[in-house]
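What shape does this take:
(2 chains)
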Amino acid sequence: MIRDVLTVAWKEWRELMSLSGGARGGRLSLVILLAVFGVLLPLQSGADWVRSATTVFYWAWVPLMLVGNAIADAIAGERERHTLETLLASRLPDPAILLGKVLAAVSYGWGLVMGMLLLSLVTVNMSARSDGLLLFPARIAVGAPLLALLGAGLAAAAGVLVSLRAATVRHAAQALSVGILLLIFVPVFLAESMPDAWKARAASWLMTAGADRIAWSAAAGLAGLDLALMGLALARFRRVRLIVD
Amino acid sequence: MSSAIIRTDQLTRAFGGIKAVDGLDLEVPAGVVFGFLGPNGAGKTTTIRLLLGLLEPSGGRARVLGHDTRTEAGAIRERAGALLEHHGLYERLSAEDNLAFYARIWGLGAAERRNRVRELLESLGLWERRREAVGKWSRGMRQRLAVARALLHRPALLFLDEPTAGLDPVAASHLREQLAALVAREGVTVFLTTHNLAEADRLCHRVGVIKQGRLVAVGHPDELKARSATRLEIRGRAFTDALVAALSRQPGVERAALMNGRMVIDMAEAADSSPLVAMIVGSGVAVDEVRRDKSSLEDVFLTLMEEDR
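Below is the predicted model of the structure:
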C-alpha cells in the first residue's frame, strides 16, 4: 500500500513539475507568491516578522491556494484529460490512488511554504542587519510548519471532495475558491452577528488566551477538520462511483 | 475446468431505464483474439468496464481470469492490461515517464523496468523519441505507446477498446501489424472491440456481435460468413426490372437487385449459380463479367444490424 501511494505521488510530482515549469501562468503565480510572502511582507514587517506570533497564521492560509489547485488538477484534471479511467483500470487500490494524490499536493504546498519561510528569514536578516542574526523563536519554528501542514491537509481534503464532482479543473478551482472565501468570511460574518454578550466573552477570551493558545486551538480545530474531511474523501473515492459520475 | 478466460452469465447493466448491456452470455477461450463488434452505443465499452470491475452489473455475473468481477475485481486488474476508449496517457510527461509510472504500478524492479520499456518502445518504433512529451506526438504514436503501456506487465488478458479509431488508414494499418506481432509474441488473450470489420476479420480468431446490448452472433469469422448468403455479381448491359423480378423468384435466390448498374444476387450457400447466369444471358443481357464472392464480415455485420430493425 505504501509503495502504491508513493508511486502515485511520484507521478503527480512529475506532472506538477512539468506544469509549474511549462506553463507560464503557473510559474508566474509561484513567483508572485514567493515575492509576497518571502520578500515583500517580511520587508514591511522587519524584525517583527520573526518575533510576532501573528505571522504564524499566514502559514495556515497560504497552502490553501497552492494545494487546492494542485489537487483539483490531480483529480478533476485526470477526468478532464481522460487519464482517470486507465488509472482506475490498473491494479492500484482506491485508497492508494487518493492518498498518493493528496500526498503529492500536500508536500508540494507545504514544501513551497517552507521555501517561503526560509526566504523570508533571509530577507529579514538582510534588511535588518543591525539587529544581529534573526531566527524564528521555537514556538514559531514549530507552529508555522505545523499550521501550514494542517492548512495544506484541509485544502487537499476539501479539494478531493470538490474535484470528485467537478467535470473540469476550472469548475473544481472555482468551487474551491468560493470555499476558501467562505472559510474566511463566514467566521467574520458569524462573529459580527453574535449577540453583544457573546462578543464580549469572546474578546475577553482572545485577550487572555494569548497567541500561543489561539494558535494551538486553531491547530486542533484544523486537525479535526482535516481528519473528518479526509475520512469522507476516502469513503467517497470509489472506482465504480467515479466511472458512473 | 473450462479454459474460458471470460465467462458472462446474463450480464446486464442499466443506466436509468436504458439497458446498455442486456443479458449477455459470452465465453472467450484463452489464447485467442476475440473481436467484440457492434455499432456505436451497442454496449461494447460498458462490457469492458463491467469485465474490469469498473462498473457493477445491474444483473447477472461475470468471471474473468477465474475471478468474479463483483468481488475480486482487484485480482482481475492485477493480471489484465487495458487500452480503453481514450489512450489515457499523461501528455505532459515523456513516453519514458508514462511507461515508468505504470511499470512502478505493476511492481517491476528498476532493471526489469528499463529492459521492458526499451523492448516495447523499440518494437513499436518509439525508442528514439522516448524523452519527448507525449502531448506533442501524433495520435498514431500515442496509440502505439498506449499499447506498450497495456502490455508492460505481461498481462494474461488484454482489453483493447477500438485501438485504431480515429487513425488514418496508414497509421491504423501500421498499428494493426504491430499489434498482431506483439500479441503473437506475448501469447496474450485479447478482447478487442471495434466497428472496423476488416480489422476484426484480419486479427480475430473469434468474434461476437453485439446490438443494443444483446449478443446477436458469435463464432469464427468464417463461420459467420458461411451462415450468410453467397453473392453473385454480374457486370453487363441491358438489365431490366422484369429480369430482376424473375431472378428473385428462382430457387435458392434470397435477393436480387440492381446496384450501380450491376446485378447483385444473394444466394443460399448451396445454390448453383450457372442456371441464373444462363437465364441472364438468355434474356439478352450483354454480360461483361460474373463474380461469385463469399459474404464479407461487413456484409454479415450489416445484415445482423438490419435484422429486427
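
contacting residues around the closest residue to B:Gly38 other than its chain neighbours?
Residue nearest to B:Gly38 in three dimensions, not counting chain neighbours: B:Ile210, with 3.9 Å by Cβ to Cβ, 6 or more residues apart in numbering or on different chains. Bear in mind the C-beta positions are built from the backbone N, C-alpha and C, glycine included. If you count contacts by Cβ atoms under 8 Å, 6 or more residues apart in numbering or on different chains, B:Ile210 has them with B:Leu24, B:Phe36, B:Leu37, B:Gly38, B:Ala42, B:Gly43, B:Lys44, B:Thr47, B:Val216.

rerun at 7 Å
B:Phe36, B:Gly38, B:Ala42, B:Gly43, B:Lys44, B:Val216 (Cβ atoms under 7 Å, 6 or more residues apart in numbering or on different chains).

Would you report the backbone torsion angles of it?
Dihedral angles of B:Ile210 (phi, psi; degrees, to the nearest 10) stand at phi -110, psi 140.

same check, this time on B:Pro163
The phi/psi pair for B:Pro163 (degrees, to the nearest 10) is phi -70, psi -20.

repeat for B:Ser273
Per-residue torsions, B:Ser273: phi -90, psi -20 (degrees, to the nearest 10).

okay, now it: neighbour count?
Residues lying near B:Ser273 (other Cβ atoms under 10 Å in any protein chain shown) number 16.

so it makes contact with B:Arg231?
No. Counting by Cβ atoms under 7 Å, B:Arg231 is not a contact partner of B:Ser273; they are 10.1 Å apart.

Check the contact lists of these two and give me the overlap.
Residues touching both B:Ser273 and B:Arg231 (Cβ under 7 Å, 6+ apart): there are none.

which parts of chain A sit against chain B?
Residues of chain A lying close to chain B by Cβ under 7 Å from any Cβ of the partner chain are A:7, A:10-11, A:14-15, A:18-19, A:22, A:81-83, A:85-86, A:88-93, A:239-240, A:243-244.

Now, these that are in helices?
Among those, DSSP state H puts A:7, A:10-11, A:14-15, A:18-19, A:22, A:85-86, A:88, A:239-240, A:243-244 in helices.

Which residue is the nearest non-sequential neighbour of the residue of the stretch 201-309 of chain B found nearest chain A?
Chain A sits closest to B:Gly213 of the stretch 201-309 of chain B, with a gap of 16.8 Å, by Cβ to the nearest Cβ. Distances taken as Cβ to Cβ, 6+ apart place B:Asp22 nearest to B:Gly213, at 3.7 Å, with adjacent residues excluded.

Kindly confirm my reading that that neighbour is in a strand.
Yes. B:Asp22: assigned to a strand according to DSSP: H, G, I helix; E, B strand; the rest coil.

thought it was touching B:Leu11?
No. With contact defined as Cβ under 7 Å, B:Asp22 does not reach B:Leu11; the gap is 8.8 Å.

who's more crowded, the two?
Neighbour count, other Cβ under 10 Å: between B:Asp22 and B:Leu11, B:Leu11 has more, with 26 against 21.

Look up phi and psi at the residue of the stretch 51-200 of chain B found nearest chain A.
Going by Cβ to the nearest Cβ, chain A is nearest to B:Gly88 of the stretch 51-200 of chain B, at 2.7 Å. Recorded main-chain torsions at B:Gly88 are phi 70, psi 20, according to degrees, to the nearest 10.

is it true that it touches A:Thr86?
Yes. At 2.7 Å, B:Gly88 and A:Thr86 qualify as touching, with contact defined as Cβ under 7 Å.

Look at the two and report which has more neighbours.
B:Gly88 (25 against 22).

what pLDDT does the more buried one get?
Predicted confidence (pLDDT) for B:Gly88: 91.

B:Glu307 too?
For B:Glu307, the model assigns a pLDDT of 66.

One more: B:Leu65?
B:Leu65 is assigned 92 on the pLDDT scale.

next one: the one 3 residues further on
At B:Asp68, the pLDDT value in this model is 94.

Now the phi/psi pair for it, please.
phi -80, psi 130.

Who does it form a beta bridge with?
B:Arg63 (DSSP bridges).

count of neighbours near it?
B:Asp68 has 14 nearby residues by other Cβ under 10 Å.

what's the answer for B:Ala256, then?
Using other Cβ under 10 Å, B:Ala256 is surrounded by 20 other residues.

right, and it touches B:Leu247 too?
Yes. With contact defined as Cβ under 7 Å, B:Ala256 reaches B:Leu247; the gap is 4.0 Å.

Give me the common contacts of those two.
Common neighbours of B:Ala256 and B:Leu247, using Cβ under 7 Å, 6+ apart, are B:Ile265.

Where does B:Leu232 fall, secondary structure wise?
Assessed by DSSP states H and E, B:Leu232 sits inside strand B:230-237.

Mind listing what's buried along whichever helix or strand comes after that strand?
Counting by DSSP H and E, the next helix or strand C-terminal to strand B:230-237 is helix B:241-248. By neighbour count on 16 or more other Cβ atoms under 10 Å in any protein chain shown, the buried set for helix B:241-248 is B:Leu243, B:Val244, B:Ala246, B:Leu247.

ok, now stretch A:184-193?
Quick answer for stretch A:184-193: no buried residues (16+ other Cβ under 10 Å).

Using CSV, write down the CA coordinates of it.
In CSV, the C-alpha atoms belonging to stretch A:184-193 read as follows (Å, rounded to 0.1, in the frame of the first residue of the first chain):
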residue,chain,number,x,y,z
ILE,A,184,-12.6,33.4,5.6
PHE,A,185,-15.9,35.4,5.6
VAL,A,186,-18.3,33.1,7.3
PRO,A,187,-16.4,33.3,10.7
VAL,A,188,-16.2,37.1,10.3
PHE,A,189,-19.9,37.3,9.5
LEU,A,190,-20.8,34.9,12.4
ALA,A,191,-18.6,37.0,14.7
GLU,A,192,-20.4,40.2,13.6
SER,A,193,-23.8,38.7,14.1
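
Tell me how far it lies from the chain's centre.
The chain centre lies 21 Å from the centre of stretch A:184-193; the measure is Cα atoms, centre = their mean, to the nearest Å.

returning to what we had before: report the contact partners of the residue of the stretch 201-309 of chain B closest to chain A.
B:Gly213 makes contact with B:Lys19, B:Ala20, B:Val21, B:Asp22, B:Ala42, B:Gly43 under the criterion Cβ under 7 Å, 6+ apart.

Which residue does chain A have closest to chain B?
For chain A and chain B, the shortest gap (Cβ to the nearest Cβ) falls at A:Thr86, measuring 2.7 Å.

Then B:Leu258 would be within a strand, right?
Yes. Counting by three-state DSSP, B:Leu258 falls inside a strand.

thinking it is in contact with B:Phe239, fair?
Yes. At 5.7 Å, B:Leu258 and B:Phe239 qualify as touching, with contact defined as Cβ under 7 Å.
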